[in-house]
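Participant: Could you look at this predicted model? Sequence included:
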Amino acid sequence: MIILDNHFHVDPNNGIFLEAVKQFYRAGGTHLVVVYKSAHDYGFPGVRAEDFMKAMDFHVKLVEKINSETKVKAFAVVGVHPAEFDYLARNKGLEYAKNEVMKALEYAQKLCLEGKAIGIGEVGRPHYEVPQEIWEASIELMKYSMALAKDADCAVQLHTESFDEEKFRELGRYIKEVGIKPYRVVKHFSPPLVKVAKEVGVFPSIIASRKNIEEAIKQGNRFLMETDYIDDKKRPGAVLGPKTVPRRTKEFLQKGLFTEGDVYMIHVENPREVYGLELED
């Protein structure tokens with residue numbers, strides 16, 4: 001059975017790295033979308049475009065290591081986290097930060113075009129309050145990321161504040177404005193608003209808590225599952241532990257909350273639509 005976690009971090013400096021991947025595998029997981037964490041976490045200053053580029057290259061190498069040293073098949077997503085932009089804007093000025101991050105995002109697109117990554121992310125806007133000018137610039141960068149993904153015909157994974165129906169509709173307007181294919185836009189850490197997401201053209205990636213997935217599957221199987229596992233020894237199991245997606249998938253199948261068709265759609269068909277991945281043997 002193919003089981004994919006759509007948003008998983010690894011950190012060889014602060015976390016358990018390959019051991020987390022092996023825990024995922026032992027629980028029944030087969031495929032990972034491994035998302036860039038931050039330049040700082042990877043040991044780079046994060047003050048110039050080149051720092052972010054080096055951090056993305058480092059991330060790609062981590063994913064290659066997973067593929068060569070474990071039985072899990074991993075795929076890279078690279079970008080600049082909105083918190084990194086916020087930090088840079090506050091310390092170096094808004095225009096400087098925007099220019100450096102845009103150059104870095106163009107490099108993320110290049111890695112996608114070269115087949116080293118399958119998407120740009122996580123990008124978007126901070127999940128906490130920031131000055132209005134930083135908020136507006138973050139939206140500008142989010143749209144720029146979507147435009148880059150559109151031109152590369154790749155996915156974009158969005159990090160945002162907590163979402164509700166109204167914010168999904170706002171995001172839907174940006175998608176139309178940019179002209180990106182709707183199924184390429186993934187809302188990471190999505191609430192289980194599967195019907196609304198489909199209506200506005202967003203692909204929800206839902207945190208795999210029991211409550212979230214129960215609510216999501218009532219509305220349909222057009223979603224991905226994720227842990228947002230952070231891989232930090234100081235915060236073990238945050239946000240969810242590496243075993244969660246395979247365990248939850250198998251539990252729901254055994255209880256009859258998922259059909260075999262649901263599992264196939266969530267873990268094979270939906271990743272194929274979003275990323276163009278062929279996960280079957």
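Facilitator: Ah, there it is.
Participant: Report pLDDT for the residue lying closest to Tyr183 once chain neighbours are set aside.
Facilitator: Leaving aside its sequence neighbours, Tyr183 sits nearest to Glu273 (Cβ to Cβ, 6 or more residues apart in numbering; 5.1 Å). Glycine gets a C-beta too; all of them are placed from N, C-alpha and C. Per-residue pLDDT puts Glu273 at 97.
Participant: quick one, what contacts Cys112?
Facilitator: 78, 118-120, 149, 152, 154 (Cβ atoms under 8 Å, 6 or more residues apart in numbering).
Participant: how about 7 Å then?
Facilitator: 118-120, 152, 154 (Cβ atoms under 7 Å, 6 or more residues apart in numbering).
Participant: Please enumerate the strands of the stretch 1-150 of the chain.
Facilitator: Taking DSSP state E, counting those that start in this stretch, the strands of the stretch 1-150 of the chain run over residues 4-8, 31-35, 73-78, 119-124.
Participant: between the ones you listed, which gets nearest to Ala97?
Facilitator: strand 119-124 (13.7 Å; Cβ to Cβ).
Participant: So Pro126 sits against Ile139, correct?
Facilitator: No - applying Cβ atoms under 7 Å as the test, Pro126 and Ile139 come out as separate, 10.9 Å apart.
Participant: Look at those two and report which has more neighbours.
Facilitator: Shown here are Pro126 and Ile139; by other Cβ atoms under 10 Å, Pro126 has more neighbours (18 against 15).
Participant: so how far is Ser138 from that one?
Facilitator: 6 Å (Cβ to Cβ, to the nearest Å).
Participant: At which residues are the helices of the chain located?
Facilitator: 18-26, 49-69, 82-92, 94-113, 132-152, 165-178, 194-200, 210-219, 244-255, 260-264, 270-275 (DSSP state H).
Participant: Now the fourth one: buried residues?
Facilitator: Meaning helix 94-113. 94, 97-98, 100-102, 104-105, 107-112 (16 or more other Cβ atoms under 10 Å).
Participant: likewise the last one?
Facilitator: Applying a neighbour-count criterion of 16+ other Cβ under 10 Å, one finds 270-271, 273-275 buried in helix 270-275.
Participant: how about those residues, which pair is most distant?
Facilitator: Asn270 and Tyr275 (9.2 Å).
Participant: hmm, back to that, now the strands of the stretch 1-150 of the chain in CSV, with mean pLDDT and distance to Lys250?
Facilitator: As requested, the strands of the stretch 1-150 of the chain are exported to CSV (pLDDT from 0 to 100; distance: least, Cβ to Cβ, whole Å):
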stretch, mean pLDDT, distance to Lys250
strand 4-8, 98, 13
strand 31-35, 98, 15
strand 73-78, 98, 19
strand 119-124, 97, 26
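Participant: Identify whichever of these lies nearest to Val194.
Facilitator: Short answer: strand 4-8, nearest of these by Cβ to Cβ, at 14.3 Å.
Participant: Could you check how far that closest one is from the centre of its chain?
Facilitator: Averaging C-alpha positions (Cα atoms, centre = their mean, to the nearest Å) puts strand 4-8 8 Å from its chain's average.
Participant: Please apply the same query to stretch 247-254.
Facilitator: Between the centre of stretch 247-254 and the centre of its host chain there is 22 Å, according to Cα atoms, centre = their mean.
Participant: what residues does it touch?
Facilitator: With Cβ under 7 Å, 6+ apart, stretch 247-254 has contacts from 3, 27-28, 208, 210, 213, 225, 258, 263.
Participant: And those residues, which of them are buried?
Facilitator: Buried among the contacts of stretch 247-254 by 16+ other Cβ under 10 Å: 3, 27, 208, 213, 225, 258, 263.
Participant: Quick one: mean pLDDT over stretch 86-94.
Facilitator: 97.
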